[in-house]
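Peer 1: Just the structure for this:
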Amino acid sequence: MLQTDNPVARDGATRMRDAGRARAGLAPAPNELPRTATQRRPTVSIIIKALNEERHIAKAIESSLAALRDIDGEVILADAGSTDRTVEIARQYPIVIVRLNRIEDRSCGSGPQLGFQYSRGQYLLLIDGDMRIYPGFLPAALEALRQSPRLAGVGGAVYDREVDNEEYEQRVKRRDPDRRAGPVTRLNSSGLYRRAAIESIGYLTDRNLHGGEEFDLGARLHAAGWTLSKIDLPLVDHFPHRGSAYRLLLRRVSNRNAFALGELLRAAIGRRHFWFIVGKDRQLLLALLVTGWWVTLVSVPLTLRGWPAAFAAGAILLLPFAAMWLRWRSARLALYSVTAWNVFTFCSWLGLWRARKSPARWIDSTVVQAPHLDDATPRARDGDAGGSASLP
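Peer 2: The predicted structure is shown next:
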């Protein structure tokens, strides 16, 4: 098992990546797993981010290996410190497995970035541990990227399966332009990215973000002159969390996913993609409207007295519930919508003030399994600052 916070090999691709970091105003970063002189970059690296996905990880890995059957590639499991059998199951397959060393580094943004640190592919396909890839997507996506030099990433249709709660029921019904084929602002859930585009902006996903990492990535790519698109083909089946939507909402608070909007905005302040975030994120507008709703409710007793105040407060309080009932034609979905609005808006204000680490900083991690290192055991260079590599 290789423990590393600063891998030791550099090559031309790494220098290209460091040049991208310099253009983004970031410091050079450490390297990925070492390669021997006879090894070359595979065409595709499939990066699976996972946390406690023992129910789905085998299917995710098997679908990834099947997708690479006729394509030179590798599969990397970026594990966020699972406490179930996720890693044990994954070790049965010929894939790279890397794991976070510190629980405090766990976030939606750190998962893909962790996998990227160890990846070698010319293209990067990001999926979650509860997804299964459709085999026909990769060849079509690769062809689209080869035909359009300024196209940074390609997505496809994402199908949510076994939906049984309000959150995912609304997601399926919601009309989202970024879910349709054609140019998009982001590749939510999954997408195939051009490595050269990622290296040109310095890093893949922001380790500080507990959600919204795909939008942040899309904004940074667009600001650098790249584009994103979706093709009219299925990409993955997604098997999301089941059970109570309110229990899931509490989980999103505890794992800080509900803080994501504020974290996203803070990450963009002073950067060239700031106005892209402001102009394209409808959740930001919604958070401002909810905040205005709070201010209006608080101001009623300060400006009115007696029955007029009670009537006005009641009308203002019920207005969003009525609006959501008209939209969804369901009291159940209306109640969940308003509840989720308030939770996410409150947490977003907290997220805006959260401290940040450098997003390009190497994520401290352990290599659990790396089949391509069988003939390339790494050794730390004398005087290599900041870390070491060792084998037990």
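Peer 1: quick one: low-confidence ranges for the stretch 251-392 of the chain?
Peer 2: Applying pLDDT under 70 to the stretch 251-392 of the chain picks out residues 373-392.
Peer 1: Please enumerate the helices of it.
Peer 2: Assigned by DSSP state H, counting those that start in this stretch, the stretch 251-392 of the chain shows helices spanning 260-268, 274-280, 282-303, 306-328, 331-351.
Peer 1: closest one to Asn101 among those?
Peer 2: The closest of the helices of the stretch 251-392 of the chain to Asn101 is helix 260-268. By Cβ to Cβ, the value is 21.9 Å. For the C-beta atoms, the positions are set from N, CA and C on the backbone; glycine is no exception.
Peer 1: quick revisit: give me whichever of the helices of the stretch 251-392 of the chain is most buried.
Peer 2: Among the helices of the stretch 251-392 of the chain, helix 260-268 has the highest mean neighbour count (mean count of other Cβ atoms under 10 Å), at a mean of 24.
Peer 1: ok, residues contacting it?
Peer 2: Helix 260-268 is contacted from outside by 108, 206, 208-212, 215-216, 219, 274, 276-278, 281, 283-284, 287, 344, 347-354, 356, 359, using Cβ atoms under 8 Å, 6 or more residues apart in numbering.
Peer 1: again, but for stretch 167-187
Peer 2: 153-155, 157-158, 160, 163, 188, 193, 214-215, 217-219, 222, 227-232, 240, 245, 248-249, 276, 280, 328, 333, 336-337, 340.
Peer 1: so Gly243 sits right up against Glu166, yeah?
Peer 2: No - counting by Cβ atoms under 8 Å, Gly243 does not reach Glu166; the two are 11.2 Å apart.
Peer 1: Looking at those two, which has the bigger crowd around it?
Peer 2: Glu166 (23 against 10; other Cβ atoms under 10 Å).
Peer 1: give the contact list for the more buried one.
Peer 2: Contacts of Glu166 (Cβ under 8 Å, 6+ apart): 245, 332-333, 336.
Peer 1: try Asn257
Peer 2: By Cβ under 8 Å, 6+ apart, the neighbours of Asn257 are 108, 210-211, 251.
Peer 1: could you flag which of the contacts of stretch 167-187 are buried?
Peer 2: 153-155, 157-158, 163, 188, 193, 214-215, 217-219, 222, 228-231, 240, 245, 248-249, 276, 280, 328, 333, 336-337, 340 (16 or more other Cβ atoms under 10 Å).
Peer 1: Give me the phi and psi for Ile363.
Peer 2: phi -90, psi 120 (degrees, to the nearest 10).
Peer 1: and it, how many neighbours does it have?
Peer 2: 21.
Peer 1: Any idea how many residues pack against the closest residue to it other than its chain neighbours?
Peer 2: Distances taken as Cβ to Cβ, 6 or more residues apart in numbering put Leu114 closest to Ile363, at 5.1 Å, once the chain neighbours are dropped. Neighbour count of Leu114, defined by other Cβ under 10 Å: 29.
Peer 1: Tell me which stretches of the stretch 151-300 of the chain form strands.
Peer 2: Assigned by DSSP state E, counting those that start in this stretch, the strands in the stretch 151-300 of the chain fall at 151-160, 182-183, 191-194, 227-238.
Peer 1: Quick check: which of those is nearest to Pro301?
Peer 2: Nearest to Pro301, of the strands of the stretch 151-300 of the chain and by Cβ to Cβ, is strand 151-160 at 43.0 Å.
Peer 1: Now do that closest one: which elements does it pack against?
Peer 2: helix 137-147, helix 166-173, strand 191-194, helix 195-200, helix 213-223, strand 227-238 (3 or more Cβ pairs under 8 Å, 6 or more residues apart in numbering; DSSP states H and E).
Peer 1: Could you export those as CSV, including mean pLDDT and distance to Ala312?
Peer 2: Below are these laid out as CSV (pLDDT from 0 to 100; distance: least, Cβ to Cβ, whole Å):
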stretch, mean pLDDT, distance to Ala312
helix 137-147, 97, 53
helix 166-173, 78, 29
strand 191-194, 98, 47
helix 195-200, 98, 52
helix 213-223, 98, 37
strand 227-238, 97, 44
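Peer 1: Which one of those lies nearest to Val87?
Peer 2: Of those, nearest to Val87 by Cβ to Cβ is strand 227-238, at 21.5 Å.
Peer 1: Quick check: neighbours of the closest one in the sheet, parallel or antiparallel?
Peer 2: strand 131-133 (antiparallel), strand 151-160 (parallel), strand 182-183 (antiparallel) (DSSP bridges).
Peer 1: how about those strands in TSV, adding distance to Thr296 and mean pLDDT?
Peer 2: TSV is the format used below for those (distance: least, Cβ to Cβ, whole Å; pLDDT from 0 to 100):
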stretch	distance to Thr296	mean pLDDT
strand 131-133	41	98
strand 151-160	35	96
strand 182-183	37	96
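Peer 1: dump the residue contacts of the closest residue to Leu297 other than its chain neighbours.
Peer 2: Of all residues not flanking Leu297 in the chain, Ile316 sits nearest, at 5.6 Å (Cβ to Cβ, 6+ apart). By Cβ under 8 Å, 6+ apart, Ile316 lies in contact with 293, 296-297, 300.
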